[in-house]
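Student: Structure for the following, please:
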Amino acid sequence: MTSRFSRRTLVRGSLGVTTAGALAALGAVGAEGAPRPGTLPTDAEIYGVTTKDPLISQRADPWITQPVGGTYYFTGSVPEYDRLVVRGASTIEGLSTAEESVIWRRPASGKMGGHIWAPELHRIGGKWYIYFAAGDAGEVFRIRTYVMESALDDPRDPAGWTLKGQLATEWDGFTLDATSFHHRGKQYLVWAQSEPEIAVNSSLYIAAMANPWTLGSKPTRIATPTLSWEILGYRVNEGPAVIIRNGRVFLTFSASATDARYAVGLLTADAKADLLKRESWVKTPDPVFVTNEKTERYGPGHNSFTVAEDGKTDVLVYHARDYRDITGDPLYDPNRHTRVQKLYWHEDGTPLFGIPVGDGGPIVRLSPSDAPRWFVRHTGDAVKTEKAPRDLEATQFRFVKAADGTETIQSVDEPTKFVTITGTTVALSTTGTPVTRVAARGGVSIRVSAGLYLQHTSGTLTVSDKATAFILS
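Tutor: The predicted structure follows:
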């Protein structure tokens, strides 16, 4: 970048909606013209999230805290369903190799001696709490929710943990996947449960909390599986997770069987609404995050959210397999791996989940600096620009380096295809055209050959001796 622009100015953050003023400023300085020398941020700096995939092998239902005292903490289900584990690291990627501490093991018999599922780690009132689901020995699917507490600063220390007991709900029935969040002075619990009067496996409920292990209000059912994508194999709404942004409370959840049909849905409430009223919540009709054959990620779900090391980039945490076919009950297939990727935001303030991005390096989106609310995207094999598209995956690309220093531009959702220039036509094909990025006014220009560059004009991409500067975001 030239010295006139900071990285923060040129690389748009992901935590909220970019202001019109900032976009106008970028547009004003991003006129077309010859490239100028400068220093480019790396794609990893632009993307802001580790691309190590999987982040942690054989850990399902992953939960990563926001950093506490400079440390991220992780917990999740182990394939043996027999213990609670916690690991910590100063970076998200560091969790991959961090030592794992067993902070509790199920008893050999009796209550909580069965399946141990889906722990979540929360810092509430200066103490640590783990919410987890447990069955009983001899009746492993008699699942109920339990709470552990630790007053120690480090949740990896087993000595700090004590069992507070079962978290009692309205009905003594199948209960799991509790999550807690604080909003407008109240602590809430959201969980999945089988209600006796409803013929589904589990619905979602919310209640205020009297303390971290006790409900303080009657539960409200806010979602039940009725849509076609929620009832594949099982009738399930489970795995809730909350992120509050842009004046709204977004609550993700997972649905259907735990194989490749597993998918993530979305509930939304106004941040000022009464969250204990069912009518405050609106369910998005279609799933927001699903299996993708082309990136070979199957059954993405039971997600959580954290924030990247820059303190502002939102991160989607989830599990998925890298194969479709499973022998036997998918519940006992061990290869649901923890994965992370960047969570984007549309200019209207709603989240863009895209697709499970699969293998590869950091991801960028390209906006012409003369139209910074527009993004380079593909429709089929045609490549153009479009204003604020909602199909995030069509706007995501990776620059893949070649031995000679040039790069090809790989499509994220069509990973076998690359941007190809034929004459002045820009399209996707299996053979990409080598390009070179050059620092330019307002971003980078993309040189396709000596004296020729990608040019943007009114939504069309072509090749010209006049370079368009593209903002990388």
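Student: Mark out where each domain of the protein begins and ends.
Tutor: As assigned by automatic domain parsing, the chain contains the domains 7-47+362-472, 60-352.
Student: worst average pLDDT in those domains?
Tutor: Note on these: lowest mean pLDDT is at domain 7-47+362-472, with a mean of 83.
Student: Helix or strand: which one has the residue most central in space within the chain?
Tutor: For the chain, Leu316 is the residue whose C-alpha lies nearest the centre (C-alpha atoms, centre = their mean; 1.6 Å). Assigned by DSSP states H and E, Leu316 falls within strand 314-321.
Student: where's the residue lying closest to Ile446 once chain neighbours are set aside relative to Asn303, distance?
Tutor: Nearest residue to Ile446, sequence neighbours excluded (C-beta to C-beta, 6 or more residues apart in numbering): Leu454, at 4.3 Å. All C-beta spots, glycine's among them, are computed from the backbone N, C-alpha and C. Taking C-beta to C-beta, to the nearest Å as the measure, Leu454 and Asn303 are separated by 35 Å.
Student: Also Pro41?
Tutor: From Pro41 across to Asn303, the span is 28 Å (C-beta to C-beta).
Student: and Ser217, how many neighbours does it have?
Tutor: Look at Ser217: counted by other C-beta atoms under 10 Å, it has 14 neighbours.
Student: how about the residue nearest to the centre of the chain, what does it touch?
Tutor: Shown in contact with Leu316 (C-beta atoms under 8 Å, 6 or more residues apart in numbering): 289, 303, 305, 340-343, 353.
Student: Between these, which sits nearest Pro196?
Tutor: If you rank these by distance to Pro196 using C-beta to C-beta, Asn303 comes first, at 28.5 Å.
Student: My reading is that the closest one is in a strand; is that accurate?
Tutor: Yes - remark: Asn303 belongs to a strand, assigned using DSSP: H, G, I helix; E, B strand; the rest coil.
Student: Quick one: residues contacting the closest residue to it other than its chain neighbours.
Tutor: Computed as C-beta to C-beta, 6+ apart, the closest residue to Asn303 that is not its neighbour in sequence is Tyr318, at 4.0 Å. Neighbour list for Tyr318: 62, 264, 289, 300-304, 338-340, 356 [criterion: C-beta under 8 Å, 6+ apart].
Student: which residues does Tyr318 bridge with?
Tutor: Counting by DSSP bridges, Tyr318 is bridged to Arg339.
Student: on that earlier part again, just the element for the residue nearest to Ile446, please.
Tutor: Using DSSP H and E, Leu454 sits in strand 452-457.
Student: buried set for that strand?
Tutor: 453-456 (16 or more other C-beta atoms under 10 Å).
Student: hang on, the earlier thing: which of Pro41 and Asn303 has more neighbours?
Tutor: When Pro41 and Asn303 are compared for neighbours, Asn303 comes out ahead with 26 against 13, by other C-beta under 10 Å.
Student: does Val419 have beta-bridge partners, and which?
Tutor: Leu428.
Student: re earlier: what's the closest of the domains of the chain to Asp53?
Tutor: domain 60-352 (5.5 Å).
Student: centre of the chain versus that closest one, how much separation?
Tutor: How far domain 60-352 lies from its chain's middle: 13 Å, per C-alpha atoms, centre = their mean, to the nearest Å.
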